[in-house]
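Colleague: Model the following, please.
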Amino acid sequence: MYRTSSLLALITFFSFAASASDATNVATSWRTLTSNAGAAVAAIHEAEIEQAKLAADRAFTPEVRSFAQRMIDHHTAARNEVWTVYAHAQLDLVDDDLARAIRDNGRIAVTNLATYGGLSFDHAFMQAQVAQHRYAYNTLDRLSYAQLASARKAFEAQREMALRHYNQARKLHRLLPKY
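Modeller: Predicted coordinates:
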């Protein structure tokens with residue numbers, strides 16, 4: 001909270017202290033950073049949705065199938081919330097290197113998961129979910145402090161969702177029968 005307030009105060013100060021063109025440059029830079037962050041968050045949700053769709057079809061255990069469906073539902077709602085927040089703020093989601101890397105890694109994960117079957121699929125999927133939700137939580141944590149002040153409440157809720165999903169995935173992965 002302190003870092004975001006300080007950052008906003010600094011931007012506001014420089015916006016008023018600078019010439020009109022400098023203020024426009026600061027505002028444009030802020031919008032670009034925020035748009036890039038939103039694209040990265042949307043990419044995280046889209047990658048989760050695609051992997052969960054595969055798992056909903058291929059999971060061996062009902063617990064993993066149920067978890068996959070919950071991920072589809074939660075991440076679809078969260079992605080839609082990102083789109084709504086950005087549309088309301090009149091910001092475009094602009095892919096940068098981070099968003100493109102998340103999308104690429106998501107496609108690679110789906111391709112890799114598709115090579116598994118049975119209980120080994122469930123283990124691979126849950127292991128991927130643990131890693132990806134840890135990554136999502138850490139990424140959202142960094143982005144929320146660095147770039148997302150205007151949409152902070154929505155992204156804080158999404159960061160907390162990532163943490164809940166990480167903990168659920170770890171717990172379910174540990175409970176799966178050994179193969």
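Colleague: what ranges of this structure fall below the confidence cut-off?
Modeller: Applying pLDDT under 70 to the chain picks out residues 1-34, 144-155.
Colleague: Now with 50, please.
Modeller: 1-30 (pLDDT under 50).
Colleague: Helices along the chain, start to end?
Modeller: 2-17, 20-58, 62-88, 97-113, 118-146, 152-175 (DSSP state H).
Colleague: Centre of the chain to the last one, how far?
Modeller: Looking back up the chat, that one is helix 152-175. 11 Å (Cα atoms, centre = their mean, to the nearest Å).
Colleague: which strands and helices sit next to that helix?
Modeller: helix 20-58, helix 62-88, helix 118-146 (3 or more Cβ pairs under 8 Å, 6 or more residues apart in numbering; DSSP states H and E). Where C-beta positions appear, they are placed from N, C-alpha and C, glycine not excepted.
Colleague: could I get the ones you listed as TSV with mean neighbour count and distance to residue 106?
Modeller: Formatted as TSV, these follow (neighbours: other Cβ atoms under 10 Å; distance: least, Cβ to Cβ, whole Å):
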stretch	mean neighbour count	distance to residue 106
helix 20-58	19	3
helix 62-88	17	11
helix 118-146	19	8
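Colleague: Of all the ones you listed, which one is nearest residue 163?
Modeller: Residue 163 lies closest to helix 118-146 among those, at 5.0 Å (Cβ to Cβ).
Colleague: just how off-centre is the closest one within its chain?
Modeller: In this view, helix 118-146 has its centroid 9 Å away from the chain centroid, taken as Cα atoms, centre = their mean.
Colleague: One more: stretch 84-100?
Modeller: With Cα atoms, centre = their mean, you get 12 Å for stretch 84-100.
Colleague: So which of the helices and strands packed on helix 152-175 is nearest residue 96?
Modeller: Among the helices and strands packed on helix 152-175, helix 20-58 sits nearest to residue 96 (Cβ to Cβ), with 4.1 Å.
Colleague: Tell me, how many residues neighbour the closest residue to residue 43 other than its chain neighbours?
Modeller: In this structure, residue 43 finds its nearest non-sequential neighbour in residue 102, 4.0 Å apart by Cβ to Cβ, 6 or more residues apart in numbering. Residues within reach of residue 102, counting by other Cβ atoms under 10 Å, total 24.
Colleague: wouldn't residue 102 be in contact with residue 50 here?
Modeller: No - using Cβ atoms under 8 Å, residue 102 makes no contact with residue 50, being 11.5 Å away.
Colleague: For stretch 131-144, C-alpha coordinates in PDB please.
Modeller: Extracted C-alpha coordinates of stretch 131-144, given in PDB (Å, rounded to 0.1, in the frame of the first residue of the first chain):
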ATOM      1  CA  ALA A 131       4.100 -24.600 -10.000                       C
ATOM      2  CA  GLN A 132       1.800 -22.400 -12.100                       C
ATOM      3  CA  HIS A 133      -0.200 -21.000  -9.100                       C
ATOM      4  CA  ARG A 134       3.000 -20.300  -7.200                       C
ATOM      5  CA  TYR A 135       4.200 -18.400 -10.400                       C
ATOM      6  CA  ALA A 136       0.800 -16.600 -10.800                       C
ATOM      7  CA  TYR A 137       0.800 -15.500  -7.100                       C
ATOM      8  CA  ASN A 138       4.400 -14.200  -7.300                       C
ATOM      9  CA  THR A 139       3.700 -12.400 -10.600                       C
ATOM     10  CA  LEU A 140       0.500 -10.900  -9.400                       C
ATOM     11  CA  ASP A 141       2.300  -9.800  -6.200                       C
ATOM     12  CA  ARG A 142       5.000  -8.000  -8.200                       C
ATOM     13  CA  LEU A 143       2.500  -6.500 -10.700                       C
ATOM     14  CA  SER A 144       0.100  -5.300  -8.000                       C
END
